[in-house]
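Novice: I need the structure of the sequence given here:
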Amino acid sequence: MSEMKASLLDYSYNFYYRLFYSNRNIMKYKLVSFDFDGTLCNTFAAIKAALSIVIPNVNLDSLPDKLTSGESFITVLHTLTGSALSDRAILHLYDNFCQVYNTQCTALQILYPDTTALLTHFSSQGVKLAIVSNKEEKAIVDFLDVNGLGTLFDLIIGERKGLRKKPSADSYHNIIQPTLPKLAPQDMLHFGDTVIDIDYAKAIGASSVYVCHGFGRDDICIAHEPTYVCSSFKECFSLFFD
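Specialist: Sure, this is the predicted structure:
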């Protein structure tokens, strides 16, 4: 058995143990937040399709590796173009990408299995739900509305001018905490698929769930010591609520 798989099994065992012996420990959370790309929604095909339109001459074979870090898409564009463009040109390219993505590629976005069931069940337990993503906020809102999920969320936080992106805790201190003033960091559980999300939760003092179905690499993300590891939302659903 590989060291990575052994580590994942160790985390899974700890996850089951904690939930079996203290389900109340999990349900103490008052806010459950989710990353979007690679966590709630598989957006890889949409991202690749939009990139193939705006930078048609760039080889995208390395795109999966570029997305594993969870870095901002501006950084991804810099890397894909070999940093040959100026910052201004990259920003223009990013604007073009967003326009193409939102107008031509959104149909390629697919919710991960059991997403709706998990969100609905959390909501039925009186838990507040949020999205905290580095993605353009309008794209998130539009997708949720089309899929009938928008009303489930109390907060949707995407890319906003003047707001530092994850792993900065700015979204917590500047938006979440003022909106939910009684919420303590330990009352929050954040789901994500990259080290950016794990480090974001740590910056807040919140708990984290690393979900393995997204863009992140298991070995790298597990090394960042998330609070919990879950292979899929189906597993999370059964662990949280059975």
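Novice: Ignoring the adjacent residues along the chain, who's closest to the residue at minimal distance from the centre of the chain?
Specialist: Centroid check for the chain by C-alpha atoms, centre = their mean gives residue 35 as the closest residue, at 2.2 Å. With C-beta to C-beta, 6 or more residues apart in numbering as the criterion, residue 35 has its nearest non-adjacent residue at 4.0 Å, and that residue is residue 192. C-beta here means a position set from N, CA and C on the backbone, and glycine is covered the same way.
Novice: do residue 102 as well
Specialist: Nearest to residue 102 is residue 139, by C-beta to C-beta, 6+ apart, at 5.5 Å.
Novice: For the one you found, which three-state class applies?
Specialist: helix (DSSP: H, G, I helix; E, B strand; the rest coil).
Novice: hang on, the earlier thing: and the residue nearest to residue 35, what are its bridge partners?
Specialist: Here residue 192 sits in beta bridges with residue 210, going by DSSP bridges.
Novice: tell me what the helix or strand that contains residue 219 is packed against?
Specialist: Assigned by DSSP states H and E, residue 219 belongs to helix 218-223. Here helix 218-223 touches helix 3-21, helix 195-204, going by 3 or more C-beta pairs under 8 Å, 6 or more residues apart in numbering; DSSP states H and E.
Novice: Averaged pLDDT, that helix. What do you get?
Specialist: Taken as a whole, helix 218-223 has an average pLDDT of 94.
Novice: for stretch 189-198, same thing?
Specialist: 96.
Novice: Which residues are in contact with residue 167?
Specialist: 196-197, 199-200, 202-203 (C-beta atoms under 8 Å, 6 or more residues apart in numbering).
Novice: Quick check: of these, which has the highest neighbour count?
Specialist: residue 197 (32 neighbours; other C-beta atoms under 10 Å).
Novice: And for residue 185, the neighbour number?
Specialist: Residues near residue 185, counting by other C-beta under 10 Å: 15.
Novice: what's the distance between the nearest residue to it once chain neighbours are set aside and residue 241?
Specialist: Among residues not flanking residue 185 along the chain, residue 205 sits closest, at 3.4 Å (C-beta to C-beta, 6+ apart). Using C-beta to C-beta, to the nearest Å, residue 205 is found at 25 Å from residue 241.
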